[in-house]
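Colleague: need a 3D model of the sequence below.
(2 chains)
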Amino acid sequence: MRYRVFAVVAAALVLSVVVATTAQSSRAAGQTLTVWLQVDAQNGWPQVVAAANSAFKSSHPGWNVNVQYQSWGDHLQKFDATIAANNTPDVIEMGNTEMTKYMAAGAFSNISAYKGNFDNSGHWLAGLKKSSMFNGKLYGVPYYAGSRLVTYRTDLFKKAGVKKAPGSLKKFEADLARVKSSHKGKGFTPFYMAGTDWYSALSFVYDYGGTIATFSHGKWHGALASKKSVAGLTAYKRFFRSTSPKSAAKLNEANPAPYTVFSQNRTSAIFGPGWFSCCTGKKYTKVTGQFVMPSHKSGKSMPGFLGGSDLAVPAQSNSQAQARAWIADFTNTANEKALQAVGNIPNATNLLNGTVNDRAAKASWFVPTAKHWVDVENGNILRTMLGQILTGQLSVKQAAQTASANIAYTLNQS
Amino acid sequence: MWRRVANGSVPYLLVAPVVLVLGAVLAYPIYYLVRISLEKFTLFELVHGAGPYIGLGNFRSVLHDSIFWHTLLRTVVFTAANVSLTIVGGTLIALLLVRLWTPVRILLTVGLILVWAMPPVVAVQVWIWMTNVQNGVLNYILTQLHIGNYDGHNWFGTPFSQLAMATTLIVWGALPFVVITLYAALSQVPHELVEAAQIDGARAWRVFKDVTLPVIAPILYLLTCLSILWDFGVFTQVFLLIQQPAIVPENYLMGVYLFEKGFLAADFGRGAAISILMLVIVAAMSIFYVRRMVRVGEVT
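Modeller: All right, here's what the predicted structure looks like:
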């Protein structure tokens, strides 16, 4: 009997040793570079990823690239888990608003010395470059940016007698009113915007000269309750109420996606990233157009949120040189041009060529570059404020004051 | 001599694997949890592998957070509502099962088992599709039946409606286990007792209260305790159904609060403190359950 017990224990021990060693050896022998990209690449430009992989493999014989696609909602939590397990990817894509927290924590390698290895690094877009730097050191490579555009149905605008892109916000509102009276459909509104889509909504704040927060005397100060910011939020409320479905006041842009609403013939215009034109539905591809959102000041464009991504090499990666080489292949001139062709803004100013996207990028705004900004995003402080404003739960001023205080508190955490 | 020693050690050897497994999967993680709950452990410390000891600082900051207390109260109310709906609904369906024609009973049981077999993540996605504001089948059907104009109705407009939608999903998923267990318990109710009570003129409610209930009470108690433990810590359904962009302190439940403060904000020390507090609360609640189990053991 006891021999059997010993045998079982011994077998278990042997088995665990075998498991442990195989796990070890497969890691050591694996000439595999693990890359985390966001699903945008998988859906929008898989050919660019394939081109980078084949260029990398031909210059690094014996290496494989394992691209794992992540979603924006949970990729940071997954990344934290890999840090805890000391098993991070070798390359990771980060949203430009997400970089600061991780650079401050020391999660990425300093690649300042290798800047020259990356194409066009002397001309990187200022906004993206800024998001890749911390304390004067470079921790990321700009990947691409995206500006915000109005995507609209050319046929419905024509039917309503609207011949050219609106020159001011007021004109746009009038145009949308004409579309509304000339086209009737079930659940149709001339414009669709998820009410709590702060990337779009806060453009109104910046259009009126407002801002989210300012930094002075070593502290962040909330600025949404300032006179200019409140004027912007009030303009947003008016525009939303006169053009968009009431039911969207508390919705977010993830569910339903604005382009889905567009593709179902429920709206004639949406405001969002330039790549929204990808998914407006087969039926409407030919009648999809884009223009830059007009400002309340005639002849100017409304500043749009300059979203974008950077690529970083986690400090724990064992393949630092290979990771940098892959990033260089992925962001070379040819690939950046391919990204531009599908509606993105390339990572360098010398590649801009005057498309509607590039024009939109000229007037842009960005979130406060604070370590705790990502906590403001995760806490949905701005979304809560917008929902309160649009439903009339609180006055613009009250909602802005609450949000402003919350933002200052969050940004000033140690 | 050797033989005696060896014989004496056999029980220890037999219990050793269990102790080892429990030590590996339970004791060490709990030790680690307690350790980082006493440390400042944020993303910076995670990257650098160690955090400074700060005593009870994390606990103090959680207990001084008014959001914690609001969340706790909300979770207690939410748990009470979910458990009541589950147990009452489950009992009614189990009573129905006893009365049904066999083929219908089999059909219903198969349906319940299919519900049981569906992973929560899949169920959440189906719920989201059904309640979609633009194209949801729920809005469509309600409008077609002229119950009202539900075109464009947002089922997740307020914290209350968000949690109510989560309740429908949680109760729906919890019913099969309760129904099937209670159905088994009901089969233990002696027929002759029911018959005797009926002959004596007892009505349905009286029969249930004085004959059926005493027999199924221990099982009912056990199911209630288990449901409380499960619903108190619920996360998957609530988090995935409401979705991160709409999660705000006004709709936090304890599981979500823990995730938001611990993981999303990458303050793992604070997260550890919250989960220890939750552990204490759950342990306190399970005292009743454990005591009952021990007592049941003594009686039989």
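Colleague: all contacts plus neighbour counts: C-alpha atoms, from now on.
Modeller: Fine.
Colleague: center of chain A - which residue?
Modeller: Most central in chain A under Cα atoms, centre = their mean is A:G307, positioned 4.7 Å from the mean C-alpha point.
Colleague: okay, and for the chain, where does confidence drop off?
Modeller: You didn't pick a chain, so chain A it is. Across chain A, the ranges flagged by pLDDT under 70 are A:1-30.
Colleague: other chain: chain B
Modeller: Judged by pLDDT under 70, the stretches of chain B that qualify are B:1-7, B:296-300.
Colleague: biggest helix in it, by residue count?
Modeller: Longest helix in chain B, counting residues (DSSP state H): helix B:66-99.
Colleague: now it: buried residues?
Modeller: In terms of neighbour count (16 or more other Cα atoms under 10 Å in any protein chain shown), helix B:66-99 has its buried residues at B:68, B:70-72, B:74-76, B:78-80, B:82-87, B:89-91, B:93-95, B:97.
Colleague: same question for stretch B:119-139.
Modeller: B:120, B:123-124, B:127-129, B:131-136, B:138-139.
Colleague: name the residues of the stretch 201-350 of chain A found near chain B, please.
Modeller: Proximity of the stretch 201-350 of chain A to chain B, by Cα under 8 Å from any Cα of the partner chain, involves residues A:S247, A:K250, A:L251, A:N252, A:P256, A:V261.
Colleague: looking at those residues, which are in helices?
Modeller: A:V261.
Colleague: what's the most distant pair in the residues of the stretch 201-350 of chain A next to chain B?
Modeller: A:K250 and A:V261 (15.6 Å; Cα to Cα).
Colleague: tell me if stretch A:396-414 is near chain B.
Modeller: No: on the criterion Cα under 8 Å from any Cα, stretch A:396-414 is out of touch with chain B, staying 10.6 Å away.
Colleague: follow-up on the earlier one: who does the longest helix of chain B touch, helix- and strand-wise?
Modeller: Using 3 or more Cα pairs under 8 Å, 6 or more residues apart in numbering or on different chains; DSSP states H and E as the contact test, the elements touching helix B:66-99 are helix B:159-186, helix B:213-232, helix B:254-258.
Colleague: repeat the analysis, applying 6 Å as the threshold.
Modeller: helix B:159-186, helix B:213-232 (3 or more Cα pairs under 6 Å, 6 or more residues apart in numbering or on different chains; DSSP states H and E).
Colleague: closest residue of the stretch 51-200 of chain A to chain B?
Modeller: A:A105 (4.1 Å; Cα to the nearest Cα).
Colleague: for the helix or strand where A:S181 lies, which residues meet the burial criterion?
Modeller: Using DSSP states H and E, A:S181 sits in helix A:169-182. Judged by neighbour count (16+ other Cα under 10 Å), helix A:169-182 contains these buried residues: A:L169, A:K170, A:F172, A:E173, A:A174, A:D175, A:L176, A:A177, A:R178, A:V179, A:K180.
Colleague: next secondary structure after it?
Modeller: Following helix A:169-182 in sequence, per DSSP H and E, is helix A:198-207.
Colleague: please name every helix or strand in contact with that next one.
Modeller: helix A:227-243.
Colleague: rewinding a little: what's the angle from the helix holding A:S181 to helix A:227-243?
Modeller: Using axes from the mean of the first three to the mean of the last three Cα atoms, to 10 degrees, the inter-axis angle of helix A:169-182 relative to helix A:227-243 is 10 degrees.
Colleague: ok, the residue of chain B found nearest chain A - how many residues close by?
Modeller: Going by Cα to the nearest Cα, chain A is nearest to B:F44 of chain B, at 4.1 Å. B:F44 has 20 neighbours, counted by other Cα atoms under 10 Å in any protein chain shown.
Colleague: which strand or helix spans it?
Modeller: Here B:F44 is assigned to helix B:43-48, by DSSP H and E.
Colleague: and that helix, what's buried?
Modeller: B:L43, B:F44, B:E45, B:L46, B:V47.
Colleague: doesn't A:A105 make contact with the second one?
Modeller: Yes: assessed by Cα atoms under 6 Å, B:F44 is found in contact with A:A105 at 4.1 Å.
Colleague: which residues does the nearest residue to A:G308 once chain neighbours are set aside contact?
Modeller: Counting by Cα to Cα, 6 or more residues apart in numbering or on different chains, A:A145 is the residue found nearest to A:G308 once chain neighbours are left out, at 3.9 Å. Applying Cα atoms under 6 Å, 6 or more residues apart in numbering or on different chains to A:A145 gives the contacts A:G307, A:G308, A:I345.
Colleague: which of the three states applies to the second one?
Modeller: The reference is to A:G308. strand (DSSP: H, G, I helix; E, B strand; the rest coil).
Colleague: and it, how far is that from B:L138?
Modeller: According to Cα to Cα, to the nearest Å, A:G308 and B:L138 sit 37 Å apart.
Colleague: what's the end-to-end length of stretch B:114-121?
Modeller: Stretch B:114-121 end-to-end distance (Cα to Cα) = 15 Å.
Colleague: tell me the centre residue of chain B?
Modeller: Centre-most residue of chain B, counting by Cα atoms, centre = their mean: B:W230, 1.8 Å.
Colleague: B:G55 sits in which helix or strand?
Modeller: Per DSSP H and E, there is no helix or strand for B:G55.
Colleague: how about the one 5 residues further on?
Modeller: With secondary structure defined by DSSP H and E, B:R60 is part of helix B:57-63.
Colleague: can you list the buried residues in that helix?
Modeller: Buried, per 16+ other Cα under 10 Å, within helix B:57-63: B:G57, B:N58, B:F59, B:V62.
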